[in-house]
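Asks: Sequence first, then the predicted structure, then my questions.
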Amino acid sequence: MSSSNQDRKMRVSFDLDEVLFVSPATHKTEPPLPFPLRNIYRERLRLGTPELIWELQIQGYEVWVYTSSFRSEGYIRRLFRCYGVRLDGIVNGTRHMKEVQRNSRQILPQKLPSRYRISLHIDDEEVICTAAGQYGFRAYQLSGQDDDWKEKIIEQADRIRKIEHFDEP
């Protein structure tokens, strides 16, 4: 077993828009937050999001958000806390530009999970998922309504944890 993986947890990250934040017109969603929180946090979570994050964390995974949106880390963290969820890490557009793109003349992808030792990234964009292998991470494309999405993501995470030889809890 690789000593670099022995003492750390595998990281799983999620995009926000069209992955965890979805429209009730096209997806099953968590109930809206109570007033006045629903006026502050207008985004709706895909049905099952809190349970999936809790389950991944119980199974020993770190759960991150990696989004190209410029919502503040504090806003994202507080929104998820309203649902009883504690995120292990957040990379937003501002952090990505500062830490990944920096002053590089080479145009890098809008998300580079491998920079943050994220092993599995869940995204709706085909371009991100297609480029994953080239940039050293694995991706699972989640698009549209899928009643089995939580089970599929846990299955993907378990498969990758075995491949990368992370310690299981």
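Replies: Alright, I've got the coordinates. Since the structure is predicted, the reported quantities are computational estimates derived from the model, not experimental observations. Numbering: from 1, shown residues only.
Asks: Past the helix or strand containing residue 139, which element shows up next along the chain?
Replies: Assessed by DSSP states H and E, residue 139 sits inside strand 138-141. Helices and strands here follow DSSP H and E; after strand 138-141, the next one along the chain is helix 149-164.
Asks: Report all helices and strands that that following helix contacts.
Replies: Packed against helix 149-164 by the contact rule (3 or more Cβ pairs under 8 Å, 6 or more residues apart in numbering; DSSP states H and E) you find helix 49-58, strand 118-123, strand 138-141. Using the backbone N, CA and C atoms, a C-beta is placed for each residue, glycine as well.
Asks: Tell me how far the residue nearest to residue 24 when sequence neighbours are not counted lies from residue 115.
Replies: Nearest in space to residue 24, with sequence neighbours left out and distances taken as Cβ to Cβ, 6 or more residues apart in numbering, is residue 44 at 5.6 Å. Shown here: residue 44 relative to residue 115, a distance of 29 Å by Cβ to Cβ, to the nearest Å.
Asks: Neighbour count: these two, which is higher?
Replies: Shown here are residue 44 and residue 115; by other Cβ atoms under 10 Å, residue 44 has more neighbours (21 against 16).
Asks: Would you mind confirming that the more buried one makes contact with residue 30?
Replies: Yes - taking Cβ atoms under 8 Å as the definition, residue 44 is a contact partner of residue 30 at 6.6 Å.
Asks: What segments of this protein are helices?
Replies: 3-6, 37-40, 49-58, 73-82, 93-96, 126-131, 149-164 (DSSP state H).
Asks: Out of those, point me to the one whose mean pLDDT is lowest.
Replies: When mean pLDDT is averaged over each of those, helix 3-6 scores lowest at a mean of 52.
Asks: Residue 139 is nearest to which of the helices of the chain?
Replies: Among the helices of the chain, the nearest to residue 139 by Cβ to Cβ is helix 126-131 (4.0 Å).
Asks: In that closest one, which residues are buried?
Replies: Neighbour-count burial for helix 126-131, with 16 or more other Cβ atoms under 10 Å as criterion, is recorded at 128, 129, 131.
Asks: Just send the helices of the chain back as TSV, with distance to residue 102 too.
Replies: Formatted as TSV, the entries for the helices of the chain read as follows, by distance: least, Cβ to Cβ, whole Å:
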stretch	distance to residue 102
helix 3-6	24
helix 37-40	32
helix 49-58	30
helix 73-82	18
helix 93-96	10
helix 126-131	19
helix 149-164	27
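Asks: quick one: which of these is nearest residue 20?
Replies: Taking Cβ to Cβ as the measure, the helices of the chain were each checked against residue 20, and helix 49-58 came out nearest at 5.4 Å.
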